[in-house]
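>>> My questions are about this predicted structure, shown below with the sequence.
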Number of protein chains: 2
Amino acid sequence: MAAKRSGAQGKRSQPGELPEAVPEPRGEPPLSLERIVATAVELLDAQGVDGLTMRRLADRLGSGVMSLYWHVDSKEDVFDLALDSVLEYGGPPQACEPQDWREEVVGVLEDWRASMLRHPWSASLLPRRALGPNILGRLELLSKTLSGAGVADADLNVAIWSLWNHVMGSTVTRASFELSDDDRAAAQQRLARRSERYPTIERSRLLLDSDWDGTFRKGLDFLLDGLAPRG
Amino acid sequence: MAAKRSGAQGKRSQPGELPEAVPEPRGEPPLSLERIVATAVELLDAQGVDGLTMRRLADRLGSGVMSLYWHVDSKEDVFDLALDSVLEYGGPPQACEPQDWREEVVGVLEDWRASMLRHPWSASLLPRRALGPNILGRLELLSKTLSGAGVADADLNVAIWSLWNHVMGSTVTRASFELSDDDRAAAQQRLARRSERYPTIERSRLLLDSDWDGTFRKGLDFLLDGLAPRG
DNA sequence: TGGTTGACTCGTACATCGTACCATACGATG
DNA sequence: CATCGTATGGTACGATGTACGAGTCAACCA
């Protein structure tokens, strides 16, 4: 529905030069998709998924609630756009071609994971259909790198999904268990109270002392070992 | 809050034998946590996450809405209980000790994945804190199996989380992309329209022809290769 | 016997949400 | 001036989660 969502131009005036306060009365730049999405991300960072409300979003933007709906179809739309916007890819730090394809893949995936951990709400938004241009771009980049590294076309999809699953799984897991210290303490108490039922995970302090970064790196290495061309 | 959530007894009467319709007037067995959770799972299966409403749940149970709140603290509570209840573990099919630790691990994890895929909403509930007794039980079982297989204590947490991440990641991914055929067609169209931007993933038909089960199995094998004791 | 208590049920009410509908304003174009 | 597309936003509606408190009923004690 809706024939809206046109080019979404940011500014509009390039004609004459009016020294008076015509372009921006200061305080309320005009609404735009970009501004809406950026503010939504701010709100999500500050208040979490449940904290994002169309009314609160409009307040932060200094606009009426219904004005948002000219730029956006629904709240779901805002979620999709926010998720994708957070996954914009800066590209590799140095422009030169890296020596090792493996290093490049690791870099791409670690940046991916870091982007999502920077915005913990993104993990809980994942299970919805999420195929914005930035996500697709990252998939394409990963795909191209693997292909260039010599992974056979027949194995390409398996490789991509395995790596994607690893990133998503570890992000979701970490976001779930990195909540508040109170929650963690409560979980530990619950666990200790029934320690006779869960002796092994209690002994290994699974929920307390886990090294998320190390686990991610190690699991990734194992996957890459298996996926490597000419195993 | 709330000192409720007592023993939650199912029946109440074991005194005399009244042949009249005293125990169940047929049609409305008394409310109980078990019945609430079971009905919530039904509703989630039928209508998805957004379909679960306290009012709808009460309707299905033939009770008033607020009656639910005597057994349950909040709607979040219902979600937590439903998620955990779906992950009850039946145990290995045959009682005998399996010959191979690896086979046992694979069995545990495939059953785990299958349980979640049977209730697709469970994937989208995951990113919340989710540590019910059944999930903990599965973690404990996995942990014990790995430990018994000779995985060193120092590597145990890494192994558990890597495998957990693999299950969760592939479940979330599959649930995201196995939506409706319409959605898939729309995504494909969007992709084709910009095929010049995503040539590799379009050529590999990443979004269309993926073998989810095979990917899961292959990734799992790679992880187990890496995690195997005495590599 | 009658009163009290605690487990359990539920109708009403309220704040808050997403958003449909409609009135408005404004710059550009006829 | 009339018209139109772009853009804004006030009001209102239906749905939601749940606080509150009144209700029922069995069991127990006086």
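Nice, I can see it.
>>> For residue A:54, give me its contacts.
Residues in contact with residue A:54 (C-beta atoms under 8 Å, 6 or more residues apart in numbering or on different chains) are A:65, A:68, A:75, A:78. Bear in mind the C-beta positions are built from the backbone N, C-alpha and C, glycine included.
>>> let me fix that: residue A:215
Residue A:215 neighbours (C-beta under 8 Å, 6+ apart): A:170, B:157-158, B:161-162, B:165.
>>> what helix or strand does it sit in?
Element membership for residue A:215 (DSSP states H and E) is helix A:212-227.
>>> Show the average pLDDT along that helix.
Mean pLDDT, computed over helix A:212-227, is 94.
>>> How is chain A partitioned into domains?
Following the assignment in automatic domain parsing, chain A carries domains at A:33-86, A:101-227.
>>> Now stretch A:161-172: average pLDDT?
What stretch A:161-172 shows for mean pLDDT is 95.
>>> what comes into contact with it?
Outside stretch A:161-172, the residues touching it (C-beta under 8 Å, 6+ apart) are A:105, A:109, A:112-113, A:116-117, A:122-124, A:126, A:139, A:142, A:212, A:215-216, A:219-220, A:223, A:227, B:126-127, B:161, B:164-170, B:172-173, B:210, B:212, B:215, B:218-219, B:222.
>>> and after the lowest-mean-pLDDT helix or strand in chain A, which helix or strand comes next?
Ranked by mean pLDDT, DSSP states H and E, the weakest helix or strand in chain A is helix A:181-193, scoring a mean of 70. Going down the chain from helix A:181-193, the next helix or strand is helix A:199-203, by DSSP H and E.
>>> Can you mark which positions in that following helix are buried?
A:200-202 (16 or more other C-beta atoms under 10 Å in any protein chain shown).
>>> tell me the angle of whichever helix in chain A runs longest relative to helix B:153-177?
Assignment by DSSP state H gives helix A:153-177 as the longest helix of chain A. Here the directions of helix A:153-177 and helix B:153-177 differ by 110 degrees (axes from the mean of the first three to the mean of the last three C-alpha atoms, to 10 degrees).
>>> Okay, buried residues for helix A:153-177 please.
A:156-177.
>>> do the same with stretch A:135-149
Those would be A:135-143, A:145-147, A:149, for stretch A:135-149 by 16+ other C-beta under 10 Å.
>>> Chain A against DNA strand C: which residues are in contact?
Within reach of DNA strand C by C-beta under 7 Å from any atom of the strand, chain A has these residues: A:15, A:52-56, A:65-66, A:69, A:74-76.
>>> Quick one, which of the residues you listed are buried?
For those, a burial check counting by 16+ other C-beta under 10 Å picks out A:52, A:54, A:56, A:69.
>>> Do stretch A:70-86 and DNA strand D come into contact?
Yes - Stretch A:70-86 is in contact with DNA strand D by C-beta under 7 Å from any atom of the strand, via A:70-71.
>>> Return that stretch as PDB; C-alpha atoms alone will do.
C-alpha atoms of stretch A:70-86 as PDB (Å, rounded to 0.1, in the frame of the first residue of the first chain):
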ATOM      1  CA  TRP A  70       3.800   9.900   6.100                       C
ATOM      2  CA  HIS A  71       7.400   8.600   5.900                       C
ATOM      3  CA  VAL A  72       6.800   5.200   7.300                       C
ATOM      4  CA  ASP A  73       4.100   2.500   6.800                       C
ATOM      5  CA  SER A  74       4.000   1.100  10.300                       C
ATOM      6  CA  LYS A  75       5.900   0.600  13.500                       C
ATOM      7  CA  GLU A  76       7.200  -2.700  12.100                       C
ATOM      8  CA  ASP A  77       8.700  -0.600   9.300                       C
ATOM      9  CA  VAL A  78      10.600   1.400  11.800                       C
ATOM     10  CA  PHE A  79      12.000  -1.700  13.400                       C
ATOM     11  CA  ASP A  80      13.100  -3.100  10.100                       C
ATOM     12  CA  LEU A  81      14.800   0.200   9.100                       C
ATOM     13  CA  ALA A  82      16.500   0.600  12.500                       C
ATOM     14  CA  LEU A  83      17.900  -2.900  12.400                       C
ATOM     15  CA  ASP A  84      19.300  -2.500   8.900                       C
ATOM     16  CA  SER A  85      20.700   0.900   9.600                       C
ATOM     17  CA  VAL A  86      22.700  -0.400  12.500                       C
END
